[in-house]
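Novice: Predicted model and sequence follow; I will ask about them next.
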Amino acid sequence: MALLFLLSFSLTSLAHAKFTKYEVTDLKKEEYPLSKTCETMGIKHTILVEVVDTYTIDCMGTKINTTDFCNKISKNGPQLLRGFIKPDSKVVTCQMASRAIITVVCDERDKKYCYNETNGCKKIKQNYAANLLEVHRSITDGEGGTQQLNCYFTTKNSFDQTDDLVL
């Protein structure tokens, strides 16, 4: 039976949006020390490793994107959602899932995602559903009449079995 993981949260980085819905199916995660990240990406003898932001580490002057690292190391590549570093953490977390349903409120802060639903879901996919396929996008009215952007993503295998995913 598929594990359904439901989160409702607000992220504050420039690359993040305020979600009213973030559902993932079959969530898995793998964690790797920062030094392993640098070594895997070809940087040897990493005396100094610094966290630049949620998605980037600095390995002796070379910037490494965490999602690129996760793509390289993960056995679950087609299911990769994202790679990230939690605040005050010394590990890269690679998240995988077979499906993701994401809803963003089109409020003053995040209306940039809602001008064009194709571009909005593309930006959301970059940060939250990297290797999944987009299977649905729409802008609908949410609570209080505020519009919301809806983006549905799935793996190719799950796309063939979308009978329980309402589009």
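Specialist: That came through, no problem.
Novice: CA atoms for contacts and neighbours, from now on please.
Specialist: Noted.
Novice: Now the nearest residue to Ile73 once chain neighbours are set aside: phi and psi?
Specialist: Spatially, and ignoring its direct neighbours in sequence, Ile73 is nearest to Thr40 (7.6 Å; C-alpha to C-alpha, 6 or more residues apart in numbering). Main-chain torsions, Thr40, degrees, to the nearest 10: phi -60, psi -30.
Novice: and the gap between Thr40 and Asp53?
Specialist: 19 Å (C-alpha to C-alpha, to the nearest Å).
Novice: okay, now Glu39: neighbour count?
Specialist: By other C-alpha atoms under 10 Å, 13 other residues sit near Glu39.
Novice: Likewise for Asp58?
Specialist: By other C-alpha under 10 Å, neighbour count at Asp58 equals 18.
Novice: What of Asp68?
Specialist: 15.
Novice: Repeat that for the one 10 residues further on.
Specialist: The criterion is other C-alpha under 10 Å. On that basis, Pro78 has 19 neighbouring residues.
Novice: Wait, a strand at it?
Specialist: No - according to DSSP: H, G, I helix; E, B strand; the rest coil, Pro78 belongs to no strand; its state is helix.
Novice: ok now do it, which residues does it touch?
Specialist: Asn131, Leu132, Thr155 (C-alpha atoms under 8 Å, 6 or more residues apart in numbering).
Novice: Among these, show me the least confident.
Specialist: Of all the contacts of Pro78, Thr155 carries the smallest pLDDT score, 91.
Novice: Now that one: phi and psi?
Specialist: Taking degrees, to the nearest 10 as the convention, Thr155 sits at phi -80, psi 160.
Novice: What sits closest to it if chain neighbours are left out?
Specialist: Leu132 is the one closest to Thr155 (C-alpha to C-alpha, 6+ apart), at 5.0 Å.
Novice: Distance of that neighbour relative to Ala100?
Specialist: 8 Å.
Novice: Could you name every residue contacting both of those two?
Specialist: Phe153, Thr154.
Novice: about what we covered before: burial count for the residue nearest to Ile73?
Specialist: Count around Thr40 with other C-alpha under 10 Å applied: 14.
Novice: before we move on, what about Phe19?
Specialist: Phe19, neighbours per other C-alpha under 10 Å, totals 20.
Novice: For this protein, just list every one of the strands.
Specialist: Assigned by DSSP state E, the strands in the chain fall at 4-7, 19-25, 28-33, 49-53, 56-59, 62-65, 80-84, 91-96, 99-105, 133-141, 147-154.
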